[in-house]
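> Coordinates for the following, if possible.
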Amino acid sequence: MNLLRTKSIEQSIADADEPGRKLKRSLSTWDLMIMGVAVAVGAGIFSVGAKAAANFSGPAVTLSFAIAAVTCALAIMCYAEFATAIPVAGSAYVFTYATMGELLAWIIGWNLILELFTAAAVIAKYWGIYLSKVFALMGADIPPAISLGGVELYWGAFLIVAVFTVLLVLGTKLSARVGNIFTLIKIGVVLFVIVVGFTYVKFENYTPFIPAAEPTGGAGAADVLKQSFFGFLTGAAPAQYGTLGIFAGAALVFFAFIGFDVVATSAEEVKNPQKTLPRGIFGGLAVVTLLYILVSLALTGMVSYTQLAEAKSPTLTTAFEAVGDTSAAKVIAFGSLVGLTTVIMVLLMGLSRVVLAMSRDGLLPRALSKTSDKRSTPVRLQIICGAAVALVAGLTNVDLLEEMINIGTLSAFVVVSLGILVLRKKRPDLKPAFRVPFGKVLPVVSAVLCLYLMTNLAVETWIFFAIWLAIGLAIYFAYGQRHSRLNERFATANTTVNGGPVEAGTPVGSADDEDELTRA
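Model prediction:
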């Protein structure tokens with residue numbers, strides 16, 4: 001058993017054309033760009049910046065967004081090079097399988113499931129809460145949850161997940177068209193918020209731009225669990241603000257940029273991926289970064305960060321209420337609802353595509369990778385993913401795991417960034433349409449930045465992450481490793497080479513044999 005066995009790029013592309021398990025290429029550059037904006041510009045733009053300013057960065061939250069954007073841009077360059085070389089579904093999972101081997105590919109795939117599943121569930125729950133707020137603003141008192149036998153059921157989460165599961169089953173292009181309409185509406189809402197917000201800006205609120213570091217008020221177990229992992233490793237007392245606060249804020253607002261790795265999962269459904277993917281990904285990232293920085297400037301200019309910190313859960317609404325403009329709350333509530341809607345759609349699609357890629361390879365049950373002959377969508381898998389997300393969002397306190405989304409994304413970014421170096425060494429013959437500039441420098445910088453942002457997440461997030469990895473490894477060794485199609489191919493090849501039968505469960509294929517197979 002060689003846990004570092006790799007799957008050839010040629011085989012990945014061939015598997016994507018397997019009858020009954022293939023997807024239809026129907027997405028354009030515009031669709032991809034809107035998809036990136038759709039998943040990134042969600043309710044986070046109305047809340048995550050306010051939380052980062054209040055609790056970590058102060059007015060320097062603008063720098064936090066800039067650091068997160070640069071980190072994301074560097075990682076997305078690596079994604080773009082991989083995606084133009086291997087234009088199939090699965091994103092970081094497929095890229096890792098081709099460069100660093102099956103075990104690490106499984107871990108990255110497992111982390112992508114963590115990212116996409118948790119994000120979809122958290123945001124679906126928030127959608128239901130925002131829907132109730134919109135109803136309240138219209139004078140209708142409809143609670144976000146109803147009690148069924150003592151269990152709180154967030155009915156809105158079930159509703160929105162069901163709607164988009166049906167749309168995704170009917171076809172990716174149809175879903176993209178619906179998403180485009182919602183995305184254009186929410187961009188209009190964001191622009192409205194920026195323009196109105198700047199009319200209330202007071203320049204004294206930007207001072208001090210980087211607040212002095214302050215202790216958080218204790219060193220108890222709960223306080224330690226909430227502090228950054230970097231602070232815990234270095235022995236620093238739990239604190240907020242200061243220079244480290246900017247990076248802690250960047251780690252938090254990175255949540256706002258998770259959409260772009262999801263775009264890469266759609267590579268198999270893109271027309272002319274060599275040109276379309278880079279343009280769509282970078283176009284979307286540019287729009288999102290500009291919107292985030294403008295919103296954060298308006299937010300911290302409207303009210304002092306100390307005033308935001310006094311709120312239990314600060315949002316843009318907090319800032320508008322502080323300046324006496326309560327009418328803007330209606331626009332923000334509506335924008336948040338529309339913003340969340342398209343995020344859920346893209347995350348559900350990304351989740352099903354990652355699971356599809358892993359099940360094609362046998363690491364998860366192969367039955368999950370079947371697609372509809374009529375619509376070329378993974379109907380069964382999309383329904384399973386939708387049902388699981390709806391149940392978790394509707395019945396659990398899933399928002400406690402919000403930071404797990406970031407750590408899952410960043411871990412994938414680290415591996416993809418380093419994977420570029422491996423890909424170039426292993427396959428110098430490849431000529432992808434996009435290459436990360438400056439040789440090895442930018443991929444290494446990307447990996448280091450992503451790893452550093454990971455260390456700025458809370459200690460408890462790392463503990464949950466370790467538990468998630470342990471569960472994933474148990475599933476891999478109990479099921480995935482034995483049912484891997486690559487394992488079957490190596491077993492067959494080894495039987496042919498040695499001229500004799502191979503007993504079930506026997507490790508097969510030497511490293512040299514495997515290298516020959518992956519080059520075949």
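> Sketch out the strands for the chain, chain order is fine.
Ranges of strands within the chain are 146-148, 151-153, 214-215, 239-240, based on DSSP state E.
> Show me what the second one is in contact with.
Strand 151-153 is contacted from outside by 145-147, 394-395, using CB atoms under 8 Å, 6 or more residues apart in numbering. From N, CA and C alone the C-beta is placed, and that goes for glycine too.
> So among those residues, which ones count as buried?
With burial judged by 16 or more other CB atoms under 10 Å, the buried subset of those is 145, 394-395.
> Can you tell me which one of the residues you listed carries the smallest pLDDT value?
On pLDDT alone, residue 145 ranks lowest of these, at 77.
> if I pick it, what's in contact with it?
Residue 145 touches 128, 152-155, counting by CB under 8 Å, 6+ apart.
> low-confidence ranges in the stretch 201-350 of the chain?
216-224, 226, 236-239, 255, 258-261, 264-267 (pLDDT under 70).
> if we go to 90?
201-202, 204-293, 295-296, 298-300, 302-350 (pLDDT under 90).
> Which parts of it are helices?
Along the stretch 201-350 of the chain, counting by DSSP state H, counting those that start in this stretch, helices occupy 221-226, 229-234, 242-253, 259-264, 273-302, 305-310, 316-322, 327-360.
> so residue 483 touches residue 363, yeah?
Yes. Taking contacts as CB atoms under 8 Å, residue 483 lies within contact range of residue 363: 7.1 Å.
> what about those two, which has more around it?
residue 363 (27 against 15; other CB atoms under 10 Å).
> doesn't residue 107 make contact with that one?
No. The criterion here is CB under 8 Å, and residue 363 misses it with residue 107 at 10.9 Å.
> ok, back up a step: reformat the strands of the chain as JSON lines; add distance to residue 378.
JSON lines is the format used below for those (distance: least, CB to CB, whole Å):
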{"stretch": "strand 146-148", "distance to residue 378": "31"}
{"stretch": "strand 151-153", "distance to residue 378": "28"}
{"stretch": "strand 214-215", "distance to residue 378": "50"}
{"stretch": "strand 239-240", "distance to residue 378": "44"}
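> Among these, show me which one is buried the most.
strand 239-240 (a mean of 20; mean count of other CB atoms under 10 Å).
> Tell me the buried residues in stretch 417-435?
Buried residues in stretch 417-435 (16+ other CB under 10 Å): 417-424, 426-427, 432-434.
> May I see the residues you listed arranged in a markdown table, with pLDDT as well?
Shown next, in a markdown table, are the buried residues of stretch 417-435 (pLDDT from 0 to 100):
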| residue | pLDDT |
| --- | --- |
| 417 | 90 |
| 418 | 90 |
| 419 | 89 |
| 420 | 90 |
| 421 | 90 |
| 422 | 89 |
| 423 | 87 |
| 424 | 89 |
| 426 | 86 |
| 427 | 86 |
| 432 | 81 |
| 433 | 77 |
| 434 | 81 |
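> biggest separation within the residues you listed, which pair?
By the measure CB to CB, 418 and 433 form the most distant pair in those, at 21.4 Å.
> quick one: low-confidence ranges for the stretch 401-520 of the chain?
In the stretch 401-520 of the chain, residues with pLDDT under 90: 401-416, 419, 422-440, 449-465, 480-520.
> ranges for the helices of it?
402-426, 441-455, 459-475, 481-483, 485-498, 511-519.
> which one of the ones you listed is the most hemmed in?
By mean count of other CB under 10 Å, the helices of the stretch 401-520 of the chain have helix 402-426 as the most buried, with a mean of 23.
> which residue sits closest to residue 273, ignoring its sequence neighbours?
For residue 273, ignoring the flanking residues on the chain, the nearest one in space by CB to CB, 6 or more residues apart in numbering is residue 87 at 3.8 Å.
> how close does the one you found sit to residue 198?
Relative to residue 198, residue 87 is positioned 42 Å away (CB to CB, to the nearest Å).
> what about residue 113, neighbour count?
Counted with other CB under 10 Å, residue 113 comes out at 21.
> Pull the contacting residues for it.
Listed by CB under 8 Å, 6+ apart, the contact set of residue 113 reads 351, 354-355.
> Ok, residue 32 next?
263, 266, 270, 276-277, 279-281, 283-284.
> ok so, going back, determine which of the strands of the chain approaches residue 193 most closely.
Of these, nearest to residue 193 by CB to CB is strand 239-240, at 26.1 Å.
> List the backbone torsions phi and psi for residue 24.
Main-chain torsions, residue 24, degrees, to the nearest 10: phi -90, psi 130.
> Not counting sequence-adjacent ones, nearest residue to it?
residue 376 (3.7 Å).
> cool, residue 155 as well?
Per CB to CB, 6+ apart, closest to residue 155 is residue 146, 6.0 Å.
> Going by neighbour count, which of the contacts of residue 113 comes out on top?
residue 354 (30 neighbours).
> Tell me the pLDDT of that residue.
Per-residue pLDDT puts residue 354 at 87.
> Give me the distance between it and residue 84.
19 Å.
> How about residue 136?
Taken as CB to CB, the span from residue 136 to residue 84 is 47 Å.
> out of these two, which sits in the more crowded spot?
residue 84 (21 against 14).
> My read is that that one contacts residue 277, right?
Yes. Residue 84 is within contact range of residue 277, at 5.9 Å (criterion: CB under 8 Å).
> got any residues that touch both of the two?
residue 434.
> The longest helix along the chain: how far from the chain's middle?
Criterion DSSP state H: the longest helix present in the chain is helix 102-137. Counting by CA atoms, centre = their mean, to the nearest Å, helix 102-137 is centred 9 Å from the centre of its parent chain.
> tell me the angle of that helix relative to helix 459-475?
With axes from the mean of the first three to the mean of the last three CA atoms, to 10 degrees applied, the angle from helix 102-137 to helix 459-475 works out at 130 degrees.
> What average pLDDT does helix 102-137 get?
85.
> Just want the angle from it to helix 327-360.
Using the same axes, to 10 degrees: helix 102-137 against helix 327-360 is 150 degrees.
> rewinding a little: is it true that the residue nearest to residue 273 touches residue 275?
No. Counting by CB under 8 Å, residue 87 stays clear of residue 275, with 10.9 Å between them.
> neighbour count winner among those two?
Taking neighbours as other CB under 10 Å, residue 87 and residue 275 compare with residue 87 leading, 25 against 14.
> State the distance from the more buried one to residue 482.
In terms of CB to CB, residue 87 sits 29 Å off from residue 482.
> Repeat that for residue 137.
From residue 137 to residue 482 the distance is 55 Å (CB to CB).
> One more: residue 316?
51 Å.
> what's the answer for residue 272, then?
38 Å.
> and if you look at residue 139?
59 Å.
> Help me confirm that residue 406 comes into contact with residue 456.
No. Counting by CB under 8 Å, residue 406 does not reach residue 456; the two are 9.5 Å apart.
> can you list the buried ones among the contacts of strand 151-153 in JSON lines and add distance to residue 66?
What follows is those, written out as JSON lines (distance: CB to CB, whole Å):
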{"residue": "145", "distance to residue 66": "38"}
{"residue": "394", "distance to residue 66": "37"}
{"residue": "395", "distance to residue 66": "38"}
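> ok, those residues vs residue 35, which is closest?
For those, the nearest to residue 35 is residue 394 (25.5 Å; CB to CB).
> correct me, but that closest one touches residue 160?
No. With contacts counted by CB under 8 Å, residue 394 stays clear of residue 160, the gap being 10.4 Å.
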